[in-house]
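Pasting the sequence and the predicted model now:
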Amino acid sequence: MKGYLVLETGEVYEGRWNGGEDRAGEVVFNTSHSGYEEIATDPSYFTQIVVMTAPMQGNYGIEDDVWESRRLWIEGFICLEIQDTERDQAWKKRLTENKIPLVTELDTRNLVLRLRKGTPWGALVQASSEQEARNKAVSLIAAKKTMDKDWVYLTSRKETETRRGENMVGPRIAVLDFGAKENILRELQKRCSEVKVFNSRASVQDILAYNPDGIMLTNGPGDPADVKIATGTVRELLGVKPIFGICMGHQILGLALGAKTYKLKFGHRGSNHPIRDTLLNQIYMSSQNHGYAVEAESLPPDAQVTQTNLNDGTVAGFYSEKRKYLGIQYHPESCPGPHEATGLFSYFIERMI
């Protein structure tokens with residue numbers, strides 16, 4: 001059976017349908033050579049169809065321990081070739097058993113060149129003809145766009161969760177869950193005595209009642225301008241407790257400071273994005289997954305831009321020694337990707353608290 005990717009802008013790409021169900025979402029590409037399982041379970045990919053630029057996927061099987069959340073969040077998976085032999089079909093089966101549409105043998109190079117002009121919504125559908133695919137896609141995309149735009153709230157824990165840390169003399173950290181990856185919590189647990197995770201709409205009073213030593217704002221999906229309540233909460237906490245924001249947390253922190261955010265042309269997604277970091281005094285590769293960025297010129301005077309994306313010069317991090325906040329646009333927790341930036345967790349715990 002043929003599988004089609006239909007973009008809302010009219011382009012259609014034909015490949016091989018490997019299973020799953022027809023679905024719609026924003027079509028984005030990822031340049032990582034490995035880490036397909038961490039990517040699929042990262043809540044930041046909520047509502048997105050992921051195109052992998054590396055040609056072969058599924059070639060090292062699956063492992064439950066690397067999951068970054070409790071479920072798969074992607075709306076579709078596209079690659080040139082998938083491991084599908086008698087020896088190993090594990091990744092293919094995991095996707096299709098979770099009803100994630102999987103399309104292969106599609107011209108991913110041509111598709112990614114198109115996505116570099118912008119990341120439109122689209123639909124992955126099983127069909128016998130291009131016209132049938134187009135007809136199916138229209139209603140799928142329209143229905144998907146009616147959902148609540150506060151995707152952070154949709155992916156956030158609804159109940160608070162307390163985890164014991166591994167350092168009994170370490171600080172207690174309150175985490176605002178914007179769609180948190182597990183490895184952010186693991187990195188905190190290594191350095192802290194306790195971590196308490198709150199819903200994205202938790203009140204200032206609830207957070208301060210815990211009396212944390214610092215606050216972590218996690219990664220998450222969507223447009224930061226569509227996130228309700230959290231920006232006001234963070235604004236009230238500025239200068240009260242040290243704050244570390246990652247990815248969506250970095251963007252919410254920027255909005256709380258009065259800065260502006262904007263949508264990138266095609267986003268940054270992959271494990272090979274170079275960073276200049278003047279806090280750690282290093283240049284390294286980083287793991288990234290975001291479609292928006294903070295505008296440098298709109299940051300307040302006490303915010304120093306300390307991390308820069310060397311591909312396009314966008315703001316990758318800012319820091320205030322005066323008010324003790326740090327925003328990092330990429331993923332120091334890696335998973336997947338390089339580990340060079342994990343020192344930023346230690347910087348937060350040892351230098352800011």
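Nice, I can see it. Numbers count the residues shown, from 1 in each chain.

my guess is residue 184 meets residue 333, correct?
Yes - between residue 184 and residue 333 there is a contact at 4.8 Å, judged by Cβ atoms under 8 Å. All C-beta spots, glycine's among them, are computed from the backbone N, C-alpha and C.

in terms of contact, does residue 336 touch residue 39 like I think?
Yes - the criterion here is Cβ under 8 Å, and residue 336 meets it with residue 39 at 6.7 Å.

the more surrounded of these two?
residue 39 (28 against 21; other Cβ atoms under 10 Å).

ok, back up a step: mutual contacts of residue 184 and residue 333, please.
In terms of Cβ atoms under 8 Å, 6 or more residues apart in numbering, residue 184 and residue 333 are both contacted by the residues residue 246.

still on that earlier bit, identify the contacts common to residue 336 and residue 39.
Shared contacts of residue 336 and residue 39, counting by Cβ under 8 Å, 6+ apart, come down to residue 32.

Report the contact partners of the closest residue to residue 157 other than its chain neighbours.
Of all residues beyond its chain neighbours, the one nearest residue 157 is residue 177 (4.9 Å), with distances taken as Cβ to Cβ, 6 or more residues apart in numbering. Contact partners of residue 177, counting by Cβ under 8 Å, 6+ apart, are 156-157, 197-200, 218, 220.

One more pass at 6 Å, please.
Contacts for residue 177 (Cβ atoms under 6 Å, 6 or more residues apart in numbering) come out as 156-157, 197, 218.

With respect to residue 115, which of these is nearest?
residue 218 (26.2 Å; Cβ to Cβ).

surely that closest one meets residue 182?
No - with contact defined as Cβ atoms under 6 Å, residue 218 does not reach residue 182; the gap is 10.4 Å.

Who has more neighbours out of these two?
More neighbours surround residue 218 than the other of residue 218 and residue 182, with 28 against 18 (other Cβ under 10 Å).

Residue 102: neighbouring residues, count only.
Using other Cβ under 10 Å, residue 102 is surrounded by 26 other residues.

So which residues of the stretch 101-250 of the chain form strands?
102-104, 121-126, 161-164, 172-176, 194-198, 214-217, 243-246 (DSSP state E, counting those that start in this stretch).
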